[in-house]
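>>> Provided below for reference: sequence and predicted model.
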Amino acid sequence: MREERMFVRPFEELQVMEYRGLMQVNEHAQAEIRGQIPFQRMKDYVEAGKKRLWVQAVIVSEGSESILFYGILEEMQMEVKSGLCIMRLLLRSGTSLMDYEKKTRSFQSGDLTYSELLNVCNSGYDQAARIMTAARGEAIRRFIMQYQETDWDFIKRLAGMNHTVVVADCSTPGEKYYFGLPDRKETVTAAPDEYRTWCDMGEYASKRAGGLSVSPGDTMSCVWESRDIYKLGEWGLIDGKKLYIWKIETVTKGNELYHTYYMKTRAGLQTPVTYNASLAGVSLLGRVTDVKEEKIQIELYDDENRENAGKRWFPYAAVYSSPDGTGWYCMPEKGDQARLYFPSGQETAAYAAGAYHEEGADLRTRPECKFWRNREGKEIRLSPDRILITNNNGTYMELTDEDGIEIVSAGSISIRAKRTLSVASEDASVEFTAPDRIRLKQGDTQMDLGGSLRMQGTKILL
């Protein structure tokens, strides 16, 4: 199909002088339109451009209309020159609206599907929709983190996990896109008479380094020009090879539109897995929801997808640990605060670690005092001049530099030795006191002190 004329809605009185369009996989489509308008319409058009406005570039061919470009108005420029009023419009596909606000979301359950992740991304927009030609019904089978990423960048990264592309739709209003190459029929039925080839060896090296199985021929594009209109994803046979349109450049020459098409093999449209570089080194605070062995589950405070993130067990980093069991086993408990740390942009490497507290309890006021304490109050405290082991309920053992050792129990104290038990004082005395009775016993020999002295044994020598 070839255009006979073009007009623009809602700027019907715009006489198009110049049109430039660019459509490409993994990029927003855009179009720049320049033309003359009547002076009396300038104010009305400027007022219209101050609102969010969807604009159509419509072509007429053989009496029927079709949309060349349908996008959101991003820029409007008016120029009065030589008695003429020239208006310039910059349109972008609706997917550009998904590329402004950065979001932070976690998708922890491996049972979540790519379709569910796309639904979450689309939920914040009025007219968002997608057609999936890749990964339909497939589970993510991994932990995926969207951190300070726009929905558009995140969707492209999801596509990269499936070695496919995202294609922005610019035929209808709204934030619409294809997840995967559009499933179109063969439309380029006649091979072009004139074309050139373009081989990007940098792309080849990058894709090979990314683990993709491609050949130099897969990164070679066949480039040709035509007045006929085709779409991204349409394909045809050129020199016996099945090639797909992945990029379209459109310009006006005189009063006619010319389209430059770039085509390559389907293998050449594979994309490698990419990672979010801004995630490297990030720690996200959260609340521990469950603990098992050396792993925890965590609910992140800043997670915008907290209710639908699902659950995942993350390894917890101990102060010291070894495979044979040697180390320090001190796990957080449910309700505690912990950090989820990302050592690199690869979210699957994330692990949990201890948390910091912006406002500490009264116990954390003396840096020279170290302590280990659980929520029930059991505590080991190391101070510069003493060591204290206590249950904070009347029972404790205290070792001080000045006074020695003090053992106090709210209940009983039991001291047992399988072999010798020795109690001695080198420079002073040994004292045993009790309000009722003191008993010393060895075998059948016994001595009781309880108001009077009573001794019992086979022989008593005085």
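Sure, I can see it.
>>> residues of the worst-scoring helix or strand of the chain on mean pLDDT that come out buried?
Ranked by mean pLDDT, DSSP states H and E, the helix or strand of the chain with the weakest confidence is strand 186-188, at a mean of 81. The neighbour-count check on strand 186-188 (16 or more other CB atoms under 10 Å) flags Val188 as buried. All C-beta spots, glycine's among them, are computed from the backbone N, C-alpha and C.
>>> now do stretch 427-435
Applying a neighbour-count criterion of 16+ other CB under 10 Å, stretch 427-435 contains no buried positions.
>>> all numbers from here: first residue = 54
Fine by me, first position is 54 from now on; the one you just mentioned is stretch 480-488.
>>> who touches the helix or strand hosting Trp277?
Under the assignment given by DSSP states H and E, the secondary-structure element containing Trp277 is strand 273-279. Contact partners of strand 273-279, identified using CB atoms under 8 Å, 6 or more residues apart in numbering, comprise 245, 247-253, 291, 296, 299-300, 311-317, 321.
>>> in helices, which of the residues you listed appear?
Judged by DSSP state H, the contacts of strand 273-279 include no members of helices.
>>> which of those fall in strands?
Among the contacts of strand 273-279, the ones falling in strands (DSSP state E) are 249-252, 291, 296, 299-300, 311-317.
>>> any of these buried? List them.
Those of these that meet the buried threshold are Ile291, Leu296, Trp299, Lys300, His312, Tyr314, Tyr315, Met316, Lys317, by 16+ other CB under 10 Å.
>>> and for the second one, nearest residue in space, chain neighbours not counted?
Closest residue in space to Leu296, ignoring its immediate chain neighbours: Met316 at 3.8 Å, by CB to CB, 6 or more residues apart in numbering.
>>> kindly report the same for the fifth one.
The shortest distance from His312 to any non-neighbouring residue, by CB to CB, 6+ apart, is to Thr303 (5.0 Å).
>>> helix, strand, or coil at the one you found?
Secondary structure, DSSP: H, G, I helix; E, B strand; the rest coil: Thr303 is strand.
>>> tell me how many other residues crowd Ala320.
Other residues near Ala320 come to 15 when the count uses other CB atoms under 10 Å.
>>> so which of the buried ones among the ones in strands among the contacts of strand 273-279 is the closest to Arg340?
Each of these was checked against Arg340 using CB to CB; the closest is Trp299, at 45.5 Å.
>>> what about the residue nearest to the closest one when sequence neighbours are not counted, how many neighbours?
Counting by CB to CB, 6+ apart, Trp299 lies nearest to Val78, which is 5.0 Å off, once chain neighbours are set aside. Number of residues near Val78 (other CB under 10 Å) recorded here: 23.
>>> give me phi/psi at Val78?
phi -60, psi 150 (degrees, to the nearest 10).
>>> which residues does it contact?
So, once contact is read as CB under 8 Å, 6+ apart, Val78 ends up touching Val218, Val219, Val220, Leu234, Leu285, Trp299, Lys300, Leu322.
>>> state the three-state secondary structure for the fifth one.
It stands for Leu285. Taking three-state DSSP as the rule, one finds Leu285 in the coil state.
>>> and the least confident helix or strand of the chain, what does it pack onto?
In terms of contacts (3 or more CB pairs under 8 Å, 6 or more residues apart in numbering; DSSP states H and E), strand 239-241 is packed against strand 288-291.
>>> can you point out the buried residues in the strand it packs on?
Applying a neighbour-count criterion of 16+ other CB under 10 Å, the buried positions in strand 288-291 are Trp288, Gly289, Ile291.
>>> which residues are contacting that strand?
Outside strand 288-291, the residues that reach it (CB under 8 Å, 6+ apart) are 237, 239-245, 248, 275, 295-298, 316.
>>> repeat that for stretch 430-444.
421-426, 445-446, 449-455.
>>> isn't Ala362 up against Ser162?
Yes - because the distance of 7.2 Å satisfies CB atoms under 8 Å, Ala362 is recorded as touching Ser162.
>>> now, which of the contacts of stretch 430-444 sits nearest Gly510?
For these, the nearest to Gly510 is Met450 (35.1 Å; CB to CB).
>>> show me what the closest one is bridged to.
In this entry, Met450 is beta-bridged to Ile442, Ile460, by DSSP bridges.
>>> so which strand or helix has the closest residue to Gly102 other than its chain neighbours?
The shortest distance from Gly102 to any residue that is not its chain neighbour, by CB to CB, 6+ apart, is 3.9 Å, and that residue is Met129. Here Met129 sits within strand 117-134, counting by DSSP H and E.
>>> one more: Glu100?
Secondary structure assignment for Glu100, by DSSP H and E: helix 95-102.
>>> distance of Gln164 relative to Asn361?
That one is not Gln; residue 164 is Asp. The spacing between Asp164 and Asn361, counted by CB to CB, to the nearest Å, is 12 Å.
>>> I meant to write Arg280 there.
Distance, Arg280 to Asn361, using CB to CB: 49 Å.
>>> who's more crowded, the two?
Neighbours per residue (other CB under 10 Å) separate Arg280 from Asn361, with Asn361 holding more: 18 against 12.
>>> wait, that one touches Leu170, no?
No - using CB under 8 Å, Asn361 makes no contact with Leu170, being 9.8 Å away.
>>> Lys209 - how many residues pack around it?
A count of neighbours around Lys209, defined by other CB under 10 Å, yields 21.
>>> whoops, I mixed them up, Leu337
Neighbours of Leu337 (other CB under 10 Å): 20.
>>> and for Gly88?
Per other CB under 10 Å, the neighbour tally for Gly88 reads 20.
>>> who's in contact with it?
With contact set as CB under 8 Å, 6+ apart, Gly88 has these partners: Val61, Leu67, Gln68, Val69, Met70, Glu71, Ile139, Met140.
>>> quick one: the second one from Lys96, how far?
Leu67 sits 15 Å away from Lys96, going by CB to CB.
>>> cool, the last one as well?
Computed as CB to CB, the Met140 to Lys96 distance reads 12 Å.
>>> comparing those two, which residue is more hemmed in?
Counted by other CB under 10 Å, Met140 and Lys96 do not tie: Met140 has more neighbours, with 24 against 10.
>>> Arg237 and Glu287 touch, don't they?
Yes - in terms of CB under 8 Å, Arg237 counts as a neighbour of Glu287; the distance is 4.8 Å.
>>> mind listing what's buried along stretch 257-269?
Neighbour counts over stretch 257-269 (16+ other CB under 10 Å) mark Tyr257, Lys260, Leu265, Val267 as buried.
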